[in-house]
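A.B. asks: here is my input, please return the structure:
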Amino acid sequence: MRIYFDNAATTPLDAEVLNAMMPYLTTHFGNPSSIYSYGRETRLAVEMARKTVAKILGANPGEIFFTSGGTESTNMALCAAISDLGCERIITSPLEHHATLHTVEHLHKQKNIELEFVKVLPNGHIDLNDLERLLSSSKKKTLVTLMHANNEIGNITDINAVGELCRKYGAVFNCDTVQTVGHFPFNLHATPVDFINGAAHKFHGPKGVGIIYISEKNKIHPFIQGGSQERNMRAGTENIYGIVGFAKALELAIKNYEKDKAYISDLKNYMLQKLKENIKDVSFNGDVKGCSLYTVLSANFPKTEKSELILFNLDINNICASGGSACTSGANVGSHVIAALKPDADFVTVRFSFSKNNTKEEVDRVVEKLKEII
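C.D. replies: Just a heads-up that it's a prediction; the model follows:
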């Protein structure tokens, strides 16, 4: 039996979500742009899903747009901030997901946009004093783009504090919330943020569907041309079953939030303690016992001939974990997040990430295997 400890990469589809999607994979197959009954059925499903998502996130339905996932939503927000909102400067951090880092680097090179990186504290949190220094140092309209929870080390950024600084200096604030939508309660109308994103597969929904929240105060142009879908903002026939699945998965995630958070937090802390007790010189990344996402634990193991092949050895023992984010684990490169935090580190890092489906028995088995491997 396989043990899956890589839920920050993706999560298994919930059975209730699949059940909600099935009619739109079978009998309700109409194109939502069609005016007859088949089309009206699927158009209604899309708009009901939009209303559900908006209500849960504390937004208006007109501020929620469905996309293919977090990467598209990030690209859409960043490009719109430059092209439509007049930003001439970007502030971000070296710890961002590559969906952000590669996009801001592209905008820097292709559009001659000024690019600056905020300092990061030793525990992995953003240095808010340095962020204010950067914001106050230029009169150029600035885009600040920072993630809510880091996908590799789990640190949570105080987005209210960041948003208030952005308001103080007239900056646009995009927040990558891919790891927190479905794992964290939001009230977007009470949060000083211009854009956020989400991806259903991070909280037991389907892959290939996401959202972007665009504050109603921001008027932007379509990201994809060619049709009037998503109120003229994203051309292309809608992913009906994915959209229905997104809404259902988010509904279930928020309904069970307190229970699931308590259970998964206990699991994370249990593994933290078991690793300390059983693995000599183990260490951890980020603000593990402080402001950290309850689903993610990033552990460092002493580098030896055995531990350098730790992910391979875990895999052949039917244990799934990650050396960093899933988007880079297939490449022969180290984690840019760990490199930014600990550039001289001589250890091997493994990210374990948990869901409601994991158990303490699985933790025990993984720790025992790690003892054997290391």
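A.B. asks: check which residues of stretch 148-162 are buried.
C.D. replies: H148, A149, N150, N151, E152, I153, G154, N155, I156, T157, I159, V162 (16 or more other C-beta atoms under 10 Å). Any C-beta I mention is one placed from the backbone N, CA and C, and that applies to glycine too.
A.B. asks: then stretch 350-363?
C.D. replies: Neighbour-count burial for stretch 350-363 flags V350, R351, F352, S353, F354, S355, K356, N358, E362, V363 (criterion: 16+ other C-beta under 10 Å).
A.B. asks: which elements pack onto the helix or strand containing the third one?
C.D. replies: Yep, that's F352 we're talking about. Assigning secondary structure by DSSP states H and E places F352 in strand 347-353. Applying 3 or more C-beta pairs under 8 Å, 6 or more residues apart in numbering; DSSP states H and E, one finds that strand 347-353 makes contact with strand 296-302, helix 310-316.
A.B. asks: which of these has the highest mean neighbour count?
C.D. replies: Among these, the stretch with the highest mean neighbour count (mean count of other C-beta atoms under 10 Å) is strand 296-302, at a mean of 23.
A.B. asks: pull up the pairing partners for that one, direction included.
C.D. replies: Take DSSP bridges as the rule and strand 296-302 pairs in its sheet with strand 283-284 (antiparallel), strand 347-353 (antiparallel).
A.B. asks: of those, which is nearest E372?
C.D. replies: Ranking the strands paired with strand 296-302 by distance to E372, with C-beta to C-beta as the measure, places strand 347-353 first at 14.8 Å.
A.B. asks: hey, C-alpha coordinates of the next helix or strand after the closest one in PDB?
C.D. replies: Heading C-terminal from strand 347-353, the first helix or strand you meet, by DSSP H and E, is helix 360-373. This file holds the C-alpha atoms of helix 360-373, laid out as PDB (Å, rounded to 0.1, in the frame of the first residue of the first chain):
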ATOM      1  CA  LYS A 360      -0.500   8.600  12.500                       C
ATOM      2  CA  GLU A 361       0.100   4.900  11.500                       C
ATOM      3  CA  GLU A 362       1.300   6.200   8.200                       C
ATOM      4  CA  VAL A 363       3.600   8.700  10.000                       C
ATOM      5  CA  ASP A 364       5.000   5.800  12.100                       C
ATOM      6  CA  ARG A 365       5.700   3.700   9.000                       C
ATOM      7  CA  VAL A 366       7.400   6.600   7.200                       C
ATOM      8  CA  VAL A 367       9.600   7.500  10.200                       C
ATOM      9  CA  GLU A 368      10.700   3.800  10.500                       C
ATOM     10  CA  LYS A 369      11.600   3.700   6.800                       C
ATOM     11  CA  LEU A 370      13.600   7.000   7.200                       C
ATOM     12  CA  LYS A 371      15.500   5.400  10.000                       C
ATOM     13  CA  GLU A 372      16.400   2.500   7.800                       C
ATOM     14  CA  ILE A 373      17.300   4.700   4.800                       C
END
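A.B. asks: tell me which residues in helix 360-373 are buried?
C.D. replies: Across helix 360-373, burial judged by 16+ other C-beta under 10 Å covers E362, V363, R365, V366, V367, K369, L370, I373.
A.B. asks: go on, stretch 126-135?
C.D. replies: So stretch 126-135, judged by 16+ other C-beta under 10 Å, has buried residues I126, L128, D130, L131, E132, L134, L135.
A.B. asks: state the number of residues packed around the closest residue to E114 other than its chain neighbours.
C.D. replies: Nearest residue to E114, sequence neighbours excluded (C-beta to C-beta, 6 or more residues apart in numbering): R89, at 4.1 Å. In terms of burial, R89 registers 21 neighbours under the definition other C-beta atoms under 10 Å.
A.B. asks: hmm, T142 and R89 touching each other?
C.D. replies: Yes: using C-beta atoms under 8 Å, R89 makes contact with T142 at a distance of 4.5 Å.
A.B. asks: residues near S37, how many?
C.D. replies: By other C-beta under 10 Å, the burial measure for S37, its neighbour count, is 8.
A.B. asks: which one is Q225 nearest to, not counting chain neighbours?
C.D. replies: Using C-beta to C-beta, 6+ apart, the nearest residue to Q225 is A235, at 5.7 Å.
A.B. asks: per-residue confidence for the one you found?
C.D. replies: We note a pLDDT of 93 for A235 in this prediction.
A.B. asks: residues near it, how many?
C.D. replies: Using other C-beta under 10 Å, A235 has 14 other residues around it.
A.B. asks: what do you get for T27?
C.D. replies: Neighbours of T27 under the rule other C-beta under 10 Å: 10.
A.B. asks: tell me which helix or strand it sits in.
C.D. replies: Using DSSP H and E, no helix or strand contains T27.
A.B. asks: mind checking how far it is from T52?
C.D. replies: 21 Å (C-beta to C-beta, to the nearest Å).
A.B. asks: also L297?
C.D. replies: Noted for L297: a distance of 31 Å to T52, by C-beta to C-beta.
A.B. asks: and if you look at I254?
C.D. replies: I254 sits 10 Å away from T52 when distances are taken as C-beta to C-beta.
A.B. asks: need the residues touching each of those two.
C.D. replies: Counting by C-beta atoms under 8 Å, 6 or more residues apart in numbering, I254 and T52 have no shared contacts at all.
A.B. asks: circling back: pretty sure the residue nearest to Q225 is touching T67, no?
C.D. replies: No: A235 is beyond contact range of T67, at 11.8 Å (criterion: C-beta under 8 Å).
A.B. asks: low-confidence ranges, this structure, go.
C.D. replies: Applying pLDDT under 70 to the chain flags residues 324-333.
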